[in-house]
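*Asks:* Return a 3D structure for these sequence lines:
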Amino acid sequence: MTEILNGKVLAKTIRDKARIRVEAMETPPGLAVILIGENPASQLYVRLKMEAAKEVGIYVERHECPADISTEDAIAKVQELNERKDINGILVQLPLPGNQDTDAIIRAIMPIKDVDGFHTENRRLLLASAPNLVPPTALSLMRLIQATRIPLRGKTAVILGNSQIFAEPIIELLRDAGVVATFVPKNAEGLATITRAADILIVAVGMANFVTADMVKPSAVVLDVGANKSGDKTIGDVSESVVGHAGFISPVPGGVGPLTVAYLLLNVIKAMELQERLRG
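*Replies:* You can find the predicted model right below:
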């Protein structure tokens, strides 16, 4: 029987912890969210993040930009927020809708304000085992894996996705836990054979029902990062056929998403603490 990994319950504990930490501060941390364009999914994610931030007492601003904004103007907006002492965290909602240079815009964020943990400096620090701000998605995946309570040392993991950059911090955190993890693109030859060998399968391909039961090792831990629209529903990258076959599975919605938002809030708090330490 497959055990469902309830991210909502775990996220509530983390959000409660964030609220207590903010209440103990003289001044609340500040978060700025940059939203480029009018993608409905991005609008929804930004709204959820802002609601969660306000709920724990974080000051939050939403900066909307047109879909055709130039990379230079987007960078100028980031740099303006970099200079503000009341803004401790900056988040650019991805993916971007136009021809903007995503990497250049992310690099413009001060690493110490990069609460998504995507900046090359934050990735370098994580790989050097000296992390500042770790991507919230990676932290949420590790929390769900820990919730299974299975021994991790010696296990194998496959991160099935579209981006090596997305996979890097997850691979690093898994390595620290004794798990041998590998990134595999969705068009890899012999994909089903590769995924079936994994004790832990993390799926982030952005394609509804992409992973089916025949691609999953019996008793494996399956974590679904996908969020695809199907009418009024949000469905994951993992087919319902995997339920009853895998040992553990994270649902969509209610799995990775709520935890990722919760860890984002902790990153905003951590960013403020790091900045205050630097100011002495």
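*Asks:* Please, where are all the helices along the stretch 1-150 of the chain?
*Replies:* Shown for the stretch 1-150 of the chain, the helices assigned by DSSP state H, counting those that start in this stretch span residues 7-23, 40-55, 71-82, 102-108, 120-127, 136-147.
*Asks:* helices and strands around the longest one, which ones?
*Replies:* Applying 3 or more Cβ pairs under 8 Å, 6 or more residues apart in numbering; DSSP states H and E, one finds that helix 7-23 makes contact with helix 40-55, helix 136-147, helix 256-279. Any C-beta I mention is one placed from the backbone N, CA and C, and that applies to glycine too.
*Asks:* highest average neighbour count across the helices of the stretch 1-150 of the chain?
*Replies:* helix 136-147 (a mean of 22; mean count of other Cβ atoms under 10 Å).
*Asks:* still on that earlier bit, of the helices and strands packed on helix 7-23, which is nearest Met1?
*Replies:* helix 136-147 (16.3 Å; Cβ to Cβ).
*Asks:* so what secondary structure elements neighbour the following helix or strand past the closest one?
*Replies:* Per DSSP states H and E, the first helix or strand lying C-terminal to helix 136-147 is strand 156-161. On a contact count with 3+ Cβ pairs under 8 Å, 6+ apart, strand 156-161 meets helix 164-176, strand 180-185, helix 191-196, strand 200-204.
*Asks:* Quick one: distance of the second one to the chain centre.
*Replies:* If I follow you right, that is strand 180-185. The chain centroid and the centroid of strand 180-185 are separated by 17 Å under Cα atoms, centre = their mean, to the nearest Å.
*Asks:* Within the sheet, what are the partner strands of that strand, with directions?
*Replies:* Strand 180-185 pairs in its sheet with strand 156-161 (parallel), by DSSP bridges.
*Asks:* pull the CA atoms of the strand it pairs with into PDB?
*Replies:* C-alpha atoms of strand 156-161 as PDB (Å, rounded to 0.1, in the frame of the first residue of the first chain):
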ATOM      1  CA  THR A 156      19.900   5.600  -5.100                       C
ATOM      2  CA  ALA A 157      17.900   8.500  -6.500                       C
ATOM      3  CA  VAL A 158      17.000   9.800  -9.900                       C
ATOM      4  CA  ILE A 159      16.000  13.400 -10.500                       C
ATOM      5  CA  LEU A 160      14.000  13.300 -13.700                       C
ATOM      6  CA  GLY A 161      13.700  16.800 -15.100                       C
END
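*Asks:* Can I get the helices and strands packed on helix 7-23 in a markdown table including mean pLDDT?
*Replies:* Formatted as a markdown table, these follow (pLDDT from 0 to 100):
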| stretch | mean pLDDT |
| --- | --- |
| helix 40-55 | 92 |
| helix 136-147 | 97 |
| helix 256-279 | 95 |
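*Asks:* I'd like these as a markdown table, with distance to Gly7 appended.
*Replies:* Putting those into a markdown table (distance: least, Cβ to Cβ, whole Å) gives the following:
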| stretch | distance to Gly7 |
| --- | --- |
| helix 40-55 | 13 |
| helix 136-147 | 7 |
| helix 256-279 | 4 |
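*Asks:* closest to Glu3 out of those helices?
*Replies:* Taking Cβ to Cβ, helix 136-147 is the member of those nearest to Glu3, at 9.2 Å.
*Asks:* quick one: which of the helices of the stretch 1-150 of the chain is nearest Gln93?
*Replies:* Nearest to Gln93 among the helices of the stretch 1-150 of the chain is helix 40-55; the distance by Cβ to Cβ comes to 4.9 Å.
*Asks:* Alright, I will stop here.
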